[in-house]
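J.: Show me how the following folds:
(one chain, ligands or ions: 3)
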Amino acid sequence: MELDDGMRRRLVVLDGVGMTYRVRKGFLRSSAVRAVDGVDIVVHEGEAFALVGESGSGKTTVGKLSIRLLKPTEGRVIYDGADITNLPEKHLTKLRRETRMIFQDPYSSINPYLTVGETVEEPLIAHGVEDREKRLENVYRALEEVRLTPPQDVAAKYPHLLSGGMRQRAAIARAIVIKPRYIVADEPVSMIDASSKAEVLDVMKRLQKEHGIAFLYISHDLATTRYFAEKIAVMYLGRIVEVGDVDDVLSEPLHPYTQGLVASVPEPDPSNRFVERPAIVGEPPSPRNIPPGCRFHPRCPKAFERCPREDPKLQKVDGNRYVACHLYG
Ligand SMILES: Nc1ncnc2c1ncn2[C@@H]1O[C@H](COP(=O)(O)OP(=O)(O)OP(=O)(O)O)[C@@H](O)[C@H]1O
Ligand code: SF4
Ligand SMILES: [Mg+2]
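T.: Ligands and ions are numbered 1, 2, ... in the order given. Down below sits the predicted model:
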């Protein structure tokens, strides 16, 4: 478990974490879905860490494992120095107080029958804050933090009166009202119209910078990732294939899969137009049937004879940069 760049304190560590879902098929039969396989991640205190990859690569599963909304089938999950892998729910009070998850869809993640104020107040009640005055003070402060103002007016509204971007900011207010240290934001802007995306991202960036909240930012979208995150891990079929500082990885991707992801984004800089990078061809294989050797080999334009035979390990290539590919090391 290297994957560390030292200065800031480690807050969340996933150490060789795996997750196999059992899916029932009829009365006696079941099949295994190997959604996450041997994932190492370190999120430092106050850091914005992005997790990107195609649909089904295991990003949401990793996010949920990192706050023990799921229990891994292998490996360890460490939060603030304590091994929480096997702790029963009743011993997860510190984790539940200090971590939160924000979901993609602000329409279904908020109860339509509660006012915004009641929605944001709920976690305070759940965490035993009995003084109503104090709760309201915290609710209004959280609404101000996400720029839903004037907070007293917004608190009295029902969610259907808010736009998608405003609802997502209400969901963020609900997440921050208990003053968390770590938030898993699972595609938080992918269902929001373009004009509101920047507002939501700005709010999250400010919470990270000013309140030192660490984020796991899960996304398909490399442009918002580059804006929001400092570090990035690229996932392919349940594995991390590349990790590094976000600018390094997205400016000069090393893994052929990351190169394909970057190539599929239109190039805003005309001077880079002729840099040839192959886009990714074909559909990702199913986690029910993982290819042998390097699991990317059936789609990799640079595959050679070693690739279907040997599974590449994630190795340090330089500074903070790690890559799982036989072309390196
Ligand atoms: N509860 C579950 N039971 C069975 N299989 C599951 C379950 N949840 C996820 N999976 C499978 O695990 C794999 C990873 O899913 P996950 O939702 O973590 O991927 P993702 O990268 O978040 O995808 P997306 O970008 O579509 O949200 C997928 O093949 C998915 O079908
Ligand atoms: S190990 Fe081989 S198949 Fe896998 S990404 Fe590298 S070159 Fe491609
Ligand atoms: Mg997901």
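
J.: pLDDT of the longest helix seen in the chain, averaged?
T.: If you go by DSSP state H, the chain has its longest helix at helix 194-211. For helix 194-211, mean pLDDT rounds to 94.

J.: Please state the offset of that helix from the chain centre?
T.: Relative to the chain's own centre, helix 194-211 is displaced by 15 Å; criterion: CA atoms, centre = their mean, to the nearest Å.

J.: Could I get the CA-only coordinates of that helix as PDB?
T.: What follows is helix 194-211 as a C-alpha-only set of coordinates in PDB (Å, rounded to 0.1, in the frame of the first residue of the first chain):
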ATOM      1  CA  ALA A 194     -25.200  23.200 -18.200                       C
ATOM      2  CA  SER A 195     -25.900  26.600 -16.800                       C
ATOM      3  CA  SER A 196     -26.300  25.300 -13.200                       C
ATOM      4  CA  LYS A 197     -23.300  22.800 -13.300                       C
ATOM      5  CA  ALA A 198     -20.800  25.500 -12.700                       C
ATOM      6  CA  GLU A 199     -22.700  26.800  -9.700                       C
ATOM      7  CA  VAL A 200     -22.900  23.400  -8.100                       C
ATOM      8  CA  LEU A 201     -19.200  22.700  -8.800                       C
ATOM      9  CA  ASP A 202     -18.200  26.200  -7.400                       C
ATOM     10  CA  VAL A 203     -20.100  25.400  -4.200                       C
ATOM     11  CA  MET A 204     -18.300  22.100  -3.800                       C
ATOM     12  CA  LYS A 205     -15.000  23.600  -4.600                       C
ATOM     13  CA  ARG A 206     -15.500  26.300  -1.900                       C
ATOM     14  CA  LEU A 207     -16.500  23.700   0.700                       C
ATOM     15  CA  GLN A 208     -13.400  21.800  -0.100                       C
ATOM     16  CA  LYS A 209     -11.100  24.800   0.000                       C
ATOM     17  CA  GLU A 210     -12.600  26.800   2.900                       C
ATOM     18  CA  HIS A 211     -13.900  24.000   5.100                       C
END
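
J.: contacting residues for the spatially most central residue of the chain?
T.: By CA atoms, centre = their mean, the chain has its centre lying nearest to Ile218, at 3.1 Å. Residues counted as contacts of Ile218 (CB atoms under 8 Å, 6 or more residues apart in numbering) are Ala50, Leu51, Val52, Lys59, Thr60, Gly63, Val184, Ala185, Asp186, Glu187. The C-beta positions use only the backbone N, C-alpha and C, and glycine is treated the same way.
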